[in-house]
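> no FASTA, just this:
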């Protein structure tokens, strides 16, 4: 009895507080919760590809000259995300061009192609564009589709998506570190597009997926994707104003010259079967995709630093013991000859002093040397009829 009287008394007092309508506040609160739930559900069911195609790039602001990637967005005006549609929508390659006037050539590869420590005009794409080449009777424009992290599967993922932009040629720059089977899904871009990659590579989707956990199946996971998309649009404004798309340190550690006396490569030792531990099937798939799309493609073994420091008789550099890299080069040449792939082995064309912070990152002078070799090799490729995208 006391509880009921107390509750009635509280309600009576609450109704007479001047300027407060508690019934109205309750209704507003409940409606707010309902609207939040509806919006959250709507965000959760928006297909990622549909969201990604909506972009201010190439409309309100220019397209970026390289794919979005960055870990310090406040300084680089750039960020890493894993929605391929959003990444391509932000790139200059999504601008249609006159097929009668331009030969569109895409460059695939790792951070050495994307351009770590380099401004866009200093990358291989930039140095090639500076040459004003005429290929297939038209002005050649090179599009930088390199992406940091080393993985053949990641490159194939980008190649397949790039076909929708109707390139005329491709240059695929790779290295031994991209081949180990345990590296194929370690790239976050590949990891977050496992189902798509499974379809491309002909893998069982069940084998390509990993348990995601409870959090990843909630609306919050979709909210993160929406937030990344929104941040990419937001950072486009300061990027367009400054041209800055990565954090350029004043100082950085030089590539290692003095090396450890270690002959292992991904737990393999001299005499082990390197071939069986490498993803040659993924390389084959990428080259096959290009062939099916009627896309001439040049395969390039990218330059590496060849050390002359301590233990350089055992290892070429931080990445590679000599025995493993030599076996790899022999097999790359064999595969190229067997499949009639246009192939450029540029492994040792860059002097040691033209590497920056790693055994694969080049100075602008190094990029010029590589660009010259690639330009010469491209002129020997046949100019096929316009390629077709398998969509």
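Good, I have the coordinates. Everything numeric in this text was worked out from a predicted model, so none of it was measured.

> The nearest residue to residue 377 once chain neighbours are set aside: what secondary structure?
Once flanking residues are discounted, residue 377 sits nearest to residue 344: 4.7 Å by CB to CB, 6 or more residues apart in numbering. All C-beta atoms are positioned from the backbone trio N, CA, C, and that covers glycine. Classification of residue 344 by DSSP: H, G, I helix; E, B strand; the rest coil places it in strand.

> ok, residue 344 - contacts?
Applying CB atoms under 8 Å, 6 or more residues apart in numbering to residue 344 gives the contacts 298-301, 373-374, 377.

> now, the most widely separated pair of those residues?
Using CB to CB, the contacts of residue 344 span at most 13.2 Å, a distance reached by 299 and 373.

> Which strands or helices does the helix or strand where residue 227 lies pack on?
If you go by DSSP states H and E, residue 227 is part of helix 219-242. Where contact means 3 or more CB pairs under 8 Å, 6 or more residues apart in numbering; DSSP states H and E, helix 219-242 is packed against helix 22-45, helix 48-52, helix 84-89.

> thinking residue 107 is in contact with residue 141, fair?
No. Judged on CB atoms under 8 Å, residue 107 makes no contact with residue 141 at a distance of 11.1 Å.

> out of these two, which sits in the more crowded spot?
Neighbours per residue, other CB atoms under 10 Å: of residue 107 and residue 141, the larger number sits with residue 107, 25 against 21.

> and the one helix or strand that one maps to, how far out from the chain's middle?
Using DSSP H and E, residue 107 falls within strand 102-108. Mean-position distance between strand 102-108 and its chain equals 16 Å (CA atoms, centre = their mean, to the nearest Å).

> Also stretch 58-72?
For stretch 58-72, the distance to the chain centre is 13 Å (CA atoms, centre = their mean).

> can you count the residues close to residue 351?
14.

> how much space is there between it and residue 364?
Distance of residue 351 to residue 364, computed by CB to CB, to the nearest Å: 13 Å.

> related to what we said a few turns ago, residue 299 and residue 373: which is more packed in?
Under the neighbour definition other CB under 10 Å, residue 299 and residue 373 were set side by side, and residue 299 has more, 24 against 16.

> tell me the secondary structure for the more buried one?
Residue 299 - assigned by three-state DSSP - is strand.

> I'd guessed it sits against residue 341; true?
Yes. At 5.3 Å, residue 299 and residue 341 qualify as touching, with contact defined as CB under 8 Å.

> shared neighbours, these two?
residue 287.

> Do a quick rundown of the strands in the stretch 101-250 of the chain.
Secondary structure of the stretch 101-250 of the chain by DSSP state E, counting those that start in this stretch: the strands cover 102-108, 134-135, 138-144, 169-174.

> quick one, which of those is packed in tightest?
Highest mean neighbour count of these: strand 169-174, a mean of 25 (counted as mean count of other CB atoms under 10 Å).

> what residue lies at the spatial centre of the protein?
In the chain, the centroid-proximal residue (CA atoms, centre = their mean) is residue 147; its distance is 3.5 Å.

> ok, that residue touching residue 68?
No. The pair residue 147 / residue 68 is not scored as a contact, 9.4 Å apart, by CB under 8 Å.

> any idea how far residue 125 lies from residue 376?
From residue 125 to residue 376 the distance is 17 Å (CB to CB).

> out of the two, which sits in the busier spot?
residue 125 (27 against 10).

> With adjacent residues omitted, what lies nearest to the more buried one?
According to CB to CB, 6+ apart, the nearest residue to residue 125 is residue 144 (3.8 Å).

> wait, what's in contact with the one you found?
65-67, 107, 113-115, 120, 123-126 are the contacts of residue 144 under CB under 8 Å, 6+ apart.

> Residue 237 now?
So residue 237 contacts residue 61 (CB under 8 Å, 6+ apart).

> please redo it, this time with the cut-off set to 10 Å
Residues in contact with residue 237 (CB atoms under 10 Å, 6 or more residues apart in numbering) are 56, 60-61, 77.

> Then residue 123?
Per CB under 10 Å, 6+ apart, neighbours of residue 123: 65-66, 107, 112-116, 129, 142, 144, 146, 362, 364, 367, 371.

> Tell me the one among those nearest to residue 173.
Of the contacts of residue 123, the one sitting nearest to residue 173 (CB to CB) turns out to be residue 113, at 5.4 Å.

> Roughly how far does that closest one sit from residue 230?
In terms of CB to CB, residue 113 sits 28 Å off from residue 230.

> Neighbour count for these two, which is higher?
More neighbours surround residue 113 than the other of residue 113 and residue 230, with 28 against 11 (other CB under 10 Å).

> Check whether the more buried one really touches residue 107, as I assumed.
Yes. Counting by CB atoms under 10 Å, residue 113 does reach residue 107; the two are 5.4 Å apart.

> Find the residues that touch each one of those two.
Between them, residue 113 and residue 107 share the contacting residues 66, 123-125, 144-146, 171-173, 300, judged by CB under 10 Å, 6+ apart.

> got those residues as JSON lines, with distance to residue 307 and pLDDT columns?
Compiled in JSON lines, these are given as follows (distance: CB to CB, whole Å; pLDDT from 0 to 100):
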{"residue": "66", "distance to residue 307": "29", "pLDDT": "98"}
{"residue": "123", "distance to residue 307": "24", "pLDDT": "98"}
{"residue": "124", "distance to residue 307": "23", "pLDDT": "98"}
{"residue": "125", "distance to residue 307": "28", "pLDDT": "98"}
{"residue": "144", "distance to residue 307": "28", "pLDDT": "98"}
{"residue": "145", "distance to residue 307": "30", "pLDDT": "98"}
{"residue": "146", "distance to residue 307": "24", "pLDDT": "98"}
{"residue": "171", "distance to residue 307": "27", "pLDDT": "98"}
{"residue": "172", "distance to residue 307": "26", "pLDDT": "98"}
{"residue": "173", "distance to residue 307": "21", "pLDDT": "98"}
{"residue": "300", "distance to residue 307": "21", "pLDDT": "98"}
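
> Among those residues, find me the one that's closest to residue 181.
Looking across the shared contacts of residue 113 and residue 107 and measuring by CB to CB, the closest to residue 181 is residue 172, at 18.9 Å.
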